[in-house]
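Novice: let me see the structure of the following:
(3 chains)
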Amino acid sequence: MHFQEDDIPPYLDGLNEAQLKAVLQTEGPVMIIAGAGSGKTKVLTVRMAHLIRQGADPFSILSLTFTNKAAREMRSRIEKLVGPAARSLWMGTFHSIFARILRMEADRLGYPKNFTIYDTDDSKSLIKTIVKEMGLDDKVYKPSMVLGRISSCKNNLIDPLGYAENTENLLQDKNANRSKFHEVYKAYAERCFRSGAMDFDDILVNMHKLLRDHIDVCNKWQHKFRYIMVDEYQDTNHVQYMITKRLAAVNQNIAVVGDDAQSIYAFRGANIQNILNFSKDYPEVKVFKLEQNYRSTQHIVNAASSVIKHNKKQLEKEVWTANEPGEKIRVVRSITEAEEARFVAQNIFEEKNLNQLPNKAFAVLYRTNSQSRAFEEALRKANIDYRIYGGTSFYQRKEIKDLIAYLRLVINPTDEEALKRIINYPARQIGDTTVNKLVYLAGENHVPVWDIVANVRQYSDMGSAALRVDNFAMMMKSFMSMAQSHNAYDLAMHIARQTTLLKSLYEDKTVEGVSRYENTVELLNGIKEFVEDDESDKEKTLANFLEEVALYTDDPKNQDPERDSVSLMTIHQAKGLEYPHVYVVGLEENLFPSQLSLSSRNELEEERRLFYVAITRAESKLSLTCATSRFRYGNLTPCEPSRFIEEVDSQYLDMNLAGLKREGVHNRFDNSGSSLPNRFERSYTTRASTLLKQVTPPNNSLPPVDPDFVEGDMNLLKVGHKVQHQRFGFGEVKEIEGEGANRKATVFFDALGEKKLVLKFAKMRIL
DNA sequence: TACTAAGCTCTTTTT
DNA sequence: GAGCTTAGTA
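Specialist: Next comes the predicted model:
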């Protein structure tokens, strides 16, 4: 299709040549290799808008993404282009789209329509139960390890039978002293099926099975989806690859978008070969390369290229930008993570005021979720609003999972994990002994545990416990019948009241108790909103709500676009996002690159791609920060700067800005052997009044804390006292100054080695 | 069966 | 440090 100059529809305005070509090539297989910041999302959304404008039925367009955030972003952008028609698109994550299809076709696979989706906790709990039942050593068969192996089997479409038939697998397991693994896998699969439950991987595996084994169903969906688009194709794993290939087999209109330099999900089975081999699968493929970066300054783009070129495996690609050179990348090294966080918070504060920027212009990116703490604290103290993505989400909280377990059981009584969670919560005198018996009977009779619970007396030889189990069953049955006639909110509220869940949380006036109560109320409000939401065309059933809870793992509180806050997230979550100012923090060897990633899979290249993703999030200003020591597992450990800092071409780096210790960064490269540079003899000050919270009861190796000291009277602290500080470990008081609550102690901490770190601190315990 | 204190283990990224 | 398990007690 060709347009005259003045003929170009307005929605195609502002596309460069490569982007326009990629948009207009709507038929046949298309591969778009899109460098970071090259307008990939723009191309995808405009392409969909273009299809719709050309008369394609939105219901015939399937667009798959990896994260909910990406799906949401894309939906809102398309809505701006084509209006409400965007709602009819089949757009979402692999998991949410396939779950939707599987619900329609569940009977074909022998699953109930209301099948449950097990989250990682459910899966691990089930594995733990199975390992216990089989009498295996739970030190060898650790739930996370077992689940990890099961997951990678599923991602490669190896079922329990196929696994057990492969002698190589069995030999490998035997050598690793886990020869029963295949039996655990088999039991796990059977148990999930019996519970009417799919785990995350099952959603993919079963989707594949559905298309493979049911030709009529496969045919239906193949014809339905005339156009298929896959975002982040470099992150697809084998089963995802097989599904999309099959779905596209009839129309062959498949467009994949990706960047091999941003492949960061090998740990969950992503196969970079999928994108590298795309042209082999579709010889007539049209390839478009988007190489102009519109997002970042020259310094950032060039720095990113200078790092990624250390990787061997990559597609040919030259990312460039016409943007300003911009500022150099700042490198900052602090003493501890707390100081690192304070630096970032203060820097955000200054930049904000200097350049009149909103909070949402800033993002702090880290390798692991646990690193968020220090930054939360620093930002809170600086009075800067922030939001944390990921980590323990709202739906992972105990009180939320408890109430949701009731709802899950109502919808799908065969859900074993939900049943086990609540059968004795709140306590109703049904202990482990009874529960184990029920589960055992279920296994004996090859029925779901609920069947036993609902008919205890038929199976019962358990005396008075039977009465209590029966009462529980009666209560659940009343909820189930109520579900027929009431909406999700009324039912949830009824359950929360009837089970005294709400009341007991309300009566708990501890800080945690209050927050648990508030969370539960919030969940109820969330259900109410879901029920009353007219926007979405989805049915307002409880089953749909539970599906959202299981698959939309991001915190609903984080989705308010109006809220002006600094974003804190892992680099994985930052994929596809961009911010004017970015701080990539915790750049220390063994943390980023991660020790585990290097030792278990030797994935330095993937870690480097992750670093590449991190720095290409920044539009104009980028800071790389690290600490010289960090508390890990409760111990203060020295840290070396990440090798990735070294890999950035130094002409793009500014090592002399605020707080930078150039010689600090150089220390590692000097081979001086010491990880703590001399210049860290400096002082810290904290008010004595913060002490109270920090005094903890003595353990057996320490004498009791002086009660007067607990009262906050610093006068008892004398030179020579041995103290313990929560961050810096053990040390000795060298000097005392000031009076009362303002009294300061200068302490030398031995944890920091020969190099003395002098602190003025009151947050400590006397030994 | 329920509750508490002490002891042990594991630390990555996501749907 | 946190989360979980175990042992001991009510």
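Novice: all strands of the stretch 101-250 of chain A, in order?
Specialist: A:116-118, A:197-199, A:227-230 (DSSP state E, counting those that start in this stretch).
Novice: same deal with the stretch 351-500 of chain A?
Specialist: A:362-366, A:386-388.
Novice: interface residues of the stretch 101-250 of chain A facing DNA strand B?
Specialist: A:120, A:139, A:142, A:144, A:200-201 (C-beta under 7 Å from any atom of the strand). C-beta: built from backbone N, CA, C; applies to glycine.
Novice: how about a cut-off of 10 Å?
Specialist: The stretch 101-250 of chain A comes close to DNA strand B at residues A:117, A:119-120, A:123, A:138-140, A:142-145, A:147-148, A:151, A:155, A:199-201, A:203-204, A:235, A:237, as judged by C-beta under 10 Å from any atom of the strand.
Novice: let's see which of the residues you listed end up in helices.
Specialist: Using DSSP state H, the members of those that fall in helices are A:120, A:123, A:143-145, A:147-148, A:151, A:155, A:200-201, A:203-204.
Novice: near DNA strand C, which of those show up?
Specialist: Answer for those near DNA strand C (C-beta under 10 Å from any atom of the strand): A:Pro143.
Novice: go ahead and confirm A:Thr541 touches A:Ala488.
Specialist: Yes: A:Thr541 lies in contact with A:Ala488 (C-beta atoms under 8 Å); the separation is 7.0 Å.
Novice: ok, the two, which is more surrounded?
Specialist: A:Ala488 (22 against 16; other C-beta atoms under 10 Å).
Novice: from DNA strand B, how far off is A:Ala341?
Specialist: For A:Ala341, the distance to DNA strand B equals 17 Å [C-beta to the nearest atom of the strand, to the nearest Å].
Novice: and if you look at A:Met475?
Specialist: 16 Å.
Novice: show me where the stretch 351-500 of chain A has helices.
Specialist: Secondary structure of the stretch 351-500 of chain A (DSSP state H, counting those that start in this stretch): helices located at A:372-381, A:398-411, A:416-422, A:432-445, A:449-454, A:456-459, A:464-485, A:488-498.
Novice: now do the stretch 1-150 of chain A
Specialist: Using DSSP H, counting those that start in this stretch, helices in the stretch 1-150 of chain A cover A:17-24, A:40-53, A:68-82, A:94-105, A:120-133, A:143-155.
Novice: thinking again about what came up before, can you tell me which of the strands of the stretch 351-500 of chain A the model trusts least?
Specialist: Among these, strand A:386-388 carries the lowest mean pLDDT, a mean of 90.
Novice: partner strands of that one, parallel or antiparallel?
Specialist: With DSSP bridges as the test, strand A:386-388 is paired with strand A:566-570 (parallel).
Novice: closest point of the stretch 551-700 of chain A to DNA strand B, which residue?
Specialist: A:Tyr633 (3.0 Å; C-beta to the nearest atom of the strand).
Novice: that residue: neighbour count?
Specialist: For A:Tyr633, using other C-beta under 10 Å, the count is 5.
Novice: from DNA strand C, how far out is it?
Specialist: Relative to DNA strand C, and taking C-beta to the nearest atom of the strand, A:Tyr633 is found at 5 Å.
Novice: then A:Leu542?
Specialist: Distance from A:Leu542 to DNA strand C, by C-beta to the nearest atom of the strand: 27 Å.
Novice: identify the residue nearest that residue in space, chain neighbours excluded?
Specialist: A:Ala488 (4.1 Å; C-beta to C-beta, 6 or more residues apart in numbering).
Novice: go on, A:Arg342?
Specialist: A:Ala378 (4.9 Å).
Novice: same question, A:Lys113
Specialist: Closest to A:Lys113 by C-beta to C-beta, 6+ apart is A:Ala106, at 4.8 Å.
Novice: isn't that neighbour up against A:Pro112?
Specialist: Yes: using C-beta under 8 Å, A:Ala106 makes contact with A:Pro112 at a distance of 6.4 Å.
Novice: now do the contacts for the residue in the stretch 51-200 of chain A positioned nearest to DNA strand C.
Specialist: DNA strand C sits closest to A:Lys128 of the stretch 51-200 of chain A, with a gap of 6.4 Å, by C-beta to the nearest atom of the strand. Residues in contact with A:Lys128 (C-beta atoms under 8 Å, 6 or more residues apart in numbering) are A:138, A:143.
Novice: could you check the pLDDT of it?
Specialist: 86.
Novice: could you dump the helices of the stretch 1-150 of chain A to JSON lines with distance to A:Leu211?
Specialist: What follows is the helices of the stretch 1-150 of chain A, written out as JSON lines (distance: least, C-beta to C-beta, whole Å):
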{"stretch": "helix A:17-24", "distance to A:Leu211": "28"}
{"stretch": "helix A:40-53", "distance to A:Leu211": "23"}
{"stretch": "helix A:68-82", "distance to A:Leu211": "22"}
{"stretch": "helix A:94-105", "distance to A:Leu211": "9"}
{"stretch": "helix A:120-133", "distance to A:Leu211": "24"}
{"stretch": "helix A:143-155", "distance to A:Leu211": "16"}
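Novice: who in the stretch 501-650 of chain A is up against DNA strand B?
Specialist: A:550-554, A:569-575, A:591-601, A:603, A:606-607, A:610, A:632-635.
Novice: out of these, which are buried?
Specialist: A:550-554, A:569-575, A:591-594, A:597, A:603, A:606-607, A:610 (16 or more other C-beta atoms under 10 Å).
Novice: of these, which belong to helices?
Specialist: A:550-551, A:571-574, A:597, A:606-607, A:610.
Novice: need the worst-confidence member of the residues you listed.
Specialist: Confidence-wise, A:Ser597 trails the rest of those, at 84.
Novice: if we can go back for a sec, neighbours around the residue nearest to A:Arg342, how many?
Specialist: 23.
Novice: the closest residue to A:Asn155 other than its chain neighbours: neighbour count?
Specialist: Among residues not flanking A:Asn155 along the chain, A:Gly269 sits closest, at 3.4 Å (C-beta to C-beta, 6+ apart). Counted with other C-beta under 10 Å, residues neighbouring A:Gly269 total 20.
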